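Visitor: Give the three-dimensional model of this entry:
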Amino acid sequence: MSSKIALKVDNLSKCYQIYDQPRDRLKQFILPRARRLLGMQPTHHYREFRALKDVSFEVKKGETVGIIGRNGSGKSTLLQMICGTLSPTTGNITTNGRIAALLELGSGFNPDFTGRENVYMNASVLGLNKDEIDARFDEIAAFADIGEFIEQPIKTYSSGMMVRLAFAVAINVDPEILIVDEALSVGDELFQRKCFSRIEVIRASGATILFVSHSGGQIVELCDRAILMDAGEKLAVGKPKQIVDRYQKLLYAPADKRETILEQIRRMDEHTEPHADTVEAAANQDEVHCEHAQEPQESFDPHLKPTSTIEFESHGAVIGSPEILTLTGERVNNLVRGRKYRYCYRVSFNRLAVNVRFGMAIKTMTGLSLGGALSAPSLNEAIPFVDAVKSIYVEFKFNCHLNPGIYFMNAGVFGCSNTEETVLHRKVDVVAFHVLPASSNIETETIYFGFEPSVVFDE
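Guide: Numbers count the residues shown, from 1 in each chain. Below you'll find the predicted structure:
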């Protein structure tokens, strides 16, 4: 394996034997051997369940890779085999570096030991000697922030306290490969932010991170690449935003269309750069504006079209004609920061819909959601009924508080089925727009706040 590769998974499979009745387990233990002794073909008394099916991929050193998929897709099974807590049926795993893993909640903890004792036990398993653990214990305890409970048995901990301690140990052993399985969904917002901040530090140090989450936003924000899993199969590998969009389309697919969508995802080119043409056009436009334009003006560029649009399955409604307009009704996709615009689309219904709401969202080029809105704050204030063969025009006014760059609009329509709200239709990246360069710009991040800095020198 190349020295630049931190992790290589080669044709990995995991197969379990499922027995319908306890006595079938005894039959399987005795009868096949007896039949072989008699020269007969042995029979099986179990069903095979393949939790993982010939999965192969590589992770480079310093890379952060996210794994996303529905429940039961094989994500946790894959990570357990990489960490060595589960043996594969077939295939090979090669790692290059010290692994620190945060898998199932409190895995590896002894409930009868105190937090302090579990820190020493876990850290020693991860390769630290006692002197190293002594030197890092205060930092581990401070990060976990569970106070005097560090001296109490783990069985007295809440789930949040347990994951705090487990995460504090995992990230303080200087891992070369950090594996995290959904652990960051536990704990309050402040602790989650502290975890993400530390992960950024670990990334900056050159460590490799393998990260499992059901949150598309976390995958897009943290990862360099992403892997989509489903029913034990690796469906696709690619840019995080591409993979998350495909995951969401698969997640909301009706049962009778899932196989078709699965086949479409398998055929998709992993190496496409969906925004390359848009980015290049925007960059050229930025140069022109920076050189010649003091006061940018709205305009419409017919070449500024998203190539990453994903359309979800329709359930009685179809979204059409999405566009951004000025307040006077002029169609635009080159916007001026600080001005107000109208995002509009039309929804056609082909069957009766109940408790209907409409939505929109603005995302960055990496897929990070910056904001969104619904046409009604609750189902009680939604449109009670929409007849079939009805068309509704939807409009969201918004202030463009964005710094120069390329952004994307989503559109969605929601309704109730059996008292639960569901997606009637959704389009992702349906409109691309460009916020034009601003002269004398002092703002450094995505959102424009209108900061007014003041620097005063002491006399």
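Visitor: Strands along the stretch 51-200 of the chain, start to end?
Guide: If DSSP state E, counting those that start in this stretch is used as the criterion, the strands of the stretch 51-200 of the chain fall at 64-69, 90-95, 99-102, 177-181.
Visitor: Please identify which of these is closest to G338.
Guide: Each of the strands of the stretch 51-200 of the chain has some distance to G338 by C-beta to C-beta; the shortest is strand 64-69, at 34.8 Å. Heads up, the C-betas are built off the backbone N, CA and C, glycines and all.
Visitor: Using PDB, write out every CA atom in the closest one.
Guide: Extracted C-alpha coordinates of strand 64-69, given in PDB (Å, rounded to 0.1, in the frame of the first residue of the first chain):
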ATOM      1  CA  THR A  64     -11.800  13.500   5.700                       C
ATOM      2  CA  VAL A  65     -14.300  11.100   4.300                       C
ATOM      3  CA  GLY A  66     -18.000  10.900   5.200                       C
ATOM      4  CA  ILE A  67     -20.200   7.900   5.000                       C
ATOM      5  CA  ILE A  68     -23.900   8.400   4.700                       C
ATOM      6  CA  GLY A  69     -26.800   6.100   4.200                       C
END
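Visitor: Could you spell out the sheet neighbours of it, each with its direction?
Guide: Strand 64-69 has the following strand partners under DSSP bridges: strand 208-212 (parallel), strand 225-230 (parallel).
Visitor: Mind pulling up the pLDDT for the closest residue to E330 other than its chain neighbours?
Guide: Excluding the flanking residues, the one nearest E330 by C-beta to C-beta, 6 or more residues apart in numbering is E298, at 7.1 Å. E298 carries a pLDDT score of 91 in this model.
Visitor: what would the strands of the stretch 51-200 of the chain look like in a markdown table with mean pLDDT and mean neighbour count?
Guide: Below are those laid out as a markdown table (pLDDT from 0 to 100; neighbours: other C-beta atoms under 10 Å):
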| stretch | mean pLDDT | mean neighbour count |
| --- | --- | --- |
| strand 64-69 | 91 | 25 |
| strand 90-95 | 91 | 14 |
| strand 99-102 | 78 | 24 |
| strand 177-181 | 85 | 23 |
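Visitor: Let's have these in a markdown table, adding distance to A135.
Guide: A markdown table is the format used below for these (distance: least, C-beta to C-beta, whole Å):
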| stretch | distance to A135 |
| --- | --- |
| strand 64-69 | 27 |
| strand 90-95 | 26 |
| strand 99-102 | 17 |
| strand 177-181 | 20 |
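Visitor: re the thing from before, which one of the strands paired with strand 64-69 has the lowest average pLDDT?
Guide: Note on the strands paired with strand 64-69: lowest mean pLDDT is at strand 208-212, with a mean of 89.
Visitor: pull the CA atoms of it into PDB?
Guide: Listed in PDB are the C-alpha atoms of strand 208-212, where the atom choice follows Å, rounded to 0.1, in the frame of the first residue of the first chain:
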ATOM      1  CA  THR A 208      -7.300  11.200   8.500                       C
ATOM      2  CA  ILE A 209     -11.000  11.200   9.500                       C
ATOM      3  CA  LEU A 210     -13.700   8.700   8.700                       C
ATOM      4  CA  PHE A 211     -17.000  10.200   9.700                       C
ATOM      5  CA  VAL A 212     -20.500   8.600   9.700                       C
END
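Visitor: Run through who's touching that strand.
Guide: With C-beta atoms under 8 Å, 6 or more residues apart in numbering as the test, strand 208-212 has contacts from 6-7, 59-68, 75-76, 79, 82, 97, 176-182, 199, 202-203, 218-219, 222-223.
Visitor: Next secondary structure element downstream of the helix or strand of the chain with the lowest mean pLDDT?
Guide: Across the helices and strands of the chain, the lowest-confidence element by mean pLDDT, DSSP states H and E is helix 276-292, at a mean of 47. Downstream of helix 276-292, the next assigned helix or strand under DSSP states H and E is strand 310-311.
Visitor: Show me the domain layout of this structure.
Guide: Residue ranges for the domains of the chain, per automatic domain parsing: 5-97+176-267, 276-435.
Visitor: now the residue nearest to E330: how far from I362?
Guide: 17 Å (C-beta to C-beta, to the nearest Å).
Visitor: mind checking how far S13 is from E48?
Guide: 11 Å.
Visitor: Between these two, tell me which one has more neighbours.
Guide: Neighbours were counted for S13 and for E48 using other C-beta atoms under 10 Å; S13 has more, 17 against 10.
Visitor: pretty sure that one is in a strand, no?
Guide: Yes. The assignment for S13 is a strand, going by DSSP: H, G, I helix; E, B strand; the rest coil.
Visitor: follow-up on the earlier one: of the strands of the stretch 51-200 of the chain, which approaches M409 most closely?
Guide: Proximity to M409 (C-beta to C-beta) singles out strand 64-69 among the strands of the stretch 51-200 of the chain, at 23.0 Å.
Visitor: how distant is the closest one from the center of its chain?
Guide: Relative to its parent chain, strand 64-69 has a centroid offset of 7 Å by C-alpha atoms, centre = their mean, to the nearest Å.
Visitor: Tell me, how many residues neighbour R35?
Guide: 13.
Visitor: Tell me if it really is in a helix.
Guide: Yes. The assignment for R35 is a helix, going by three-state DSSP.
Visitor: do you know how far it is from T43?
Guide: For R35 relative to T43 (C-beta to C-beta), the value is 7 Å.
Visitor: P153 too?
Guide: Using C-beta to C-beta, P153 is found at 49 Å from T43.
Visitor: Please say which of the two ends up with more neighbours.
Guide: Between P153 and T43, P153 has the larger neighbour count (other C-beta under 10 Å), namely 15 against 10.
Visitor: what pLDDT does the more buried one get?
Guide: Confidence score, pLDDT, at P153: 93.
Visitor: so it sits right up against F109, yeah?
Guide: No. At 10.1 Å, P153 does not count as touching F109 under the criterion of C-beta atoms under 8 Å.
Visitor: just checking, what's the longest strand in the chain?
Guide: strand 420-435 (DSSP state E).
Visitor: Pull it out as CSV, backbone CA atoms only.
Guide: Backbone C-alpha positions of strand 420-435 (Å, rounded to 0.1, in the frame of the first residue of the first chain) are rendered in CSV as follows:
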residue,chain,number,x,y,z
GLU,A,420,-48.0,13.2,8.7
GLU,A,421,-46.4,15.9,6.6
THR,A,422,-44.6,14.5,3.5
VAL,A,423,-42.8,15.9,0.5
LEU,A,424,-45.1,16.3,-2.5
HIS,A,425,-42.3,17.5,-4.7
ARG,A,426,-38.8,18.9,-4.3
LYS,A,427,-36.1,20.3,-6.5
VAL,A,428,-32.6,20.8,-5.3
ASP,A,429,-30.2,23.3,-7.0
VAL,A,430,-33.0,24.4,-9.3
VAL,A,431,-31.8,28.0,-9.7
ALA,A,432,-28.2,29.3,-9.6
PHE,A,433,-27.5,32.9,-8.9
HIS,A,434,-24.4,35.1,-8.6
VAL,A,435,-23.9,37.8,-6.1
